[in-house]
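Visitor: fold the following for me, if possible:
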Amino acid sequence: MTSDRRKVLITGAGGFIGSHLVKERLARGDTVSAMDVDLQRLDALRLKGDLSCEPLDLRASDRLARLLAGVDTVFHLAAAHLDVLKGADYFHEVNVDATRTFARLSAEAGVRRFVHCSTVGVYGPLQSLPADETTPPMPDIAYERSKLEGEAAIRSVIDETGLDAVILRPAWVYGPLCPRTQKLIRTIARKRFFFVGDGSNQRHPVYITDMLEAFHRAAVQPVPSGETLIIAGPDTVSVKQLIGLIIEELGMDYAPPRLPTWFMEAACLGVEKAAGLVGREPPFSRRSLKFFSESSGFDIAKAARLLDFRPKIDTREGLRLTIREFRAQGIL
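Guide: Numbering: from 1, shown residues only. From the prediction side, this is the model:
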């Protein structure tokens, strides 16, 4: 490991993970360029250090080269992700085409290490647990397919240019500033949460500080270019256990009701169609239903071997830290 200061460029810096990463890299003394279409989240963090903010779409390739001048390390987190109503072409344009162009520009600029953030979503519905890097990806939605194709685009640039790149596949990252975690906890706190199915399916969380450590290690460890590494936390939990932990940490006496899966599938389809007619993102969708219908669990032995990655925060402690921060912010 090294403590040398670097000039880093972080794409997707306005998102949950990206904003935490900006703060963490500044704390390490790095010079940071933060790029995203919306960087308002950074305003609330009262960041200190050598930071420049660039409100820019990843597809603006004609403006990216100047941002890469003198950059040592790129953390590429920008992606089309939450747009349920968008078609496959949109996800491909951002997550594949723009990512390929950006990687090529990074190679031309002499970037020392390019850390690409993918997702375990590339595996699609898992048939057996735990999955590892040898598990065949079988993505079943446009976002997941585009992220897998984006990985292939990075590898093609490695082959063409010699770019030194590492691909990370994070599991479910959670913690303060995460809107999905906030929504889940607030819904439980208000006793508006309900199970879909019996809650027996498994989830594999990774707390934000462990994810940040994985990014750092991917940036500095002598990992062969093109390696793909799953990043996940120290434990898996069922959805029922996860909700139970949140209820305990909130100090509540609450037994959430249950709805059958078939009912919610029909409801999601109806909501998606209605949202599409008015051009608004649906409040819930068949994609969000995956939280209740699919299981995830991962073997992180490869990350342990190549990055010396050892996640420290188990799910109970991570939820405790998250809830404490939400309360401090007046969210709960």
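
Visitor: how about Val157: what's its closest non-neighbour residue?
Guide: Distances taken as C-beta to C-beta, 6 or more residues apart in numbering place Ala103 nearest to Val157, at 4.1 Å, with adjacent residues excluded. (Each C-beta comes from the backbone N, C-alpha and C, glycine too.)

Visitor: for Asp89, the count of nearby residues, please.
Guide: Neighbour count of Asp89, defined by other C-beta atoms under 10 Å: 11.

Visitor: ok, now Gly199?
Guide: 16.

Visitor: let me know the pLDDT of the nearest residue to it once chain neighbours are set aside.
Guide: Residue nearest to Gly199 in three dimensions, not counting chain neighbours: Lys240, with 3.3 Å by C-beta to C-beta, 6+ apart. The model reports Lys240 with a pLDDT of 96.

Visitor: now the residue lying farthest from the centre of the chain. Its backbone dihedrals?
Guide: Among residues of the chain, the one most distant from the C-alpha centroid is Asp253; the distance is 31.7 Å, by C-alpha atoms, centre = their mean. For Asp253, the backbone dihedrals are phi -110, psi 100 (criterion: degrees, to the nearest 10).

Visitor: same deal with Val32?
Guide: Note on Val32: backbone dihedrals following degrees, to the nearest 10 are phi -120, psi 130.

Visitor: residues contacting it?
Guide: Contacts for Val32 (C-beta atoms under 8 Å, 6 or more residues apart in numbering) come out as 8-10, 22, 25-26, 49-52.

Visitor: how close does it sit to Leu177?
Guide: Noted for Val32: a distance of 17 Å to Leu177, by C-beta to C-beta, to the nearest Å.

Visitor: quick one, helices of the stretch 201-332 of the chain?
Guide: With helices called from DSSP state H, counting those that start in this stretch, the stretch 201-332 of the chain shows them at 208-220, 239-250, 261-278, 290-293, 301-307, 315-328.

Visitor: tell me the most buried of those helices?
Guide: helix 208-220 (a mean of 22; mean count of other C-beta atoms under 10 Å).

Visitor: what is the lowest-mean-pLDDT helix or strand in the chain packed up against?
Guide: The weakest-scoring helix or strand in the chain, judged by mean pLDDT, DSSP states H and E, is helix 261-278 (a mean of 77). Applying 3 or more C-beta pairs under 8 Å, 6 or more residues apart in numbering; DSSP states H and E, one finds that helix 261-278 contacts helix 290-293.

Visitor: residues making contact with the helix it packs on?
Guide: 195-197, 199, 201, 203, 239, 261, 264.

Visitor: any idea of the mean pLDDT for stretch 142-153?
Guide: 96.

Visitor: pull the distance from that stretch to the chain's centre.
Guide: Distance, stretch centre to chain centre, for stretch 142-153: 14 Å (C-alpha atoms, centre = their mean, to the nearest Å).

Visitor: ok, stretch 300-320 next?
Guide: Chain-centre distance of stretch 300-320: 15 Å, with C-alpha atoms, centre = their mean.

Visitor: average pLDDT for it, rounded please.
Guide: Regarding stretch 300-320, the rounded mean pLDDT is 98.

Visitor: so, low pLDDT: which residues of the stretch 1-150 of the chain?
Guide: With pLDDT under 70 as the threshold, the stretch 1-150 of the chain has low-confidence stretches at 1-3, 82-85.

Visitor: please, where are all the helices along it?
Guide: 16-27, 40-43, 61-68, 88-92, 99-108, 142-161.

Visitor: give the buried residues for the second one.
Guide: Meaning helix 40-43. Buried residues in helix 40-43, counted by 16 or more other C-beta atoms under 10 Å: 41-42.

Visitor: for it, which helices and strands make contact with it?
Guide: Contacts defined by 3+ C-beta pairs under 8 Å, 6+ apart place helix 40-43 against helix 16-27.

Visitor: tell me the buried residues in the helix it packs on?
Guide: In helix 16-27, counting by 16+ other C-beta under 10 Å, buried: 16-26.
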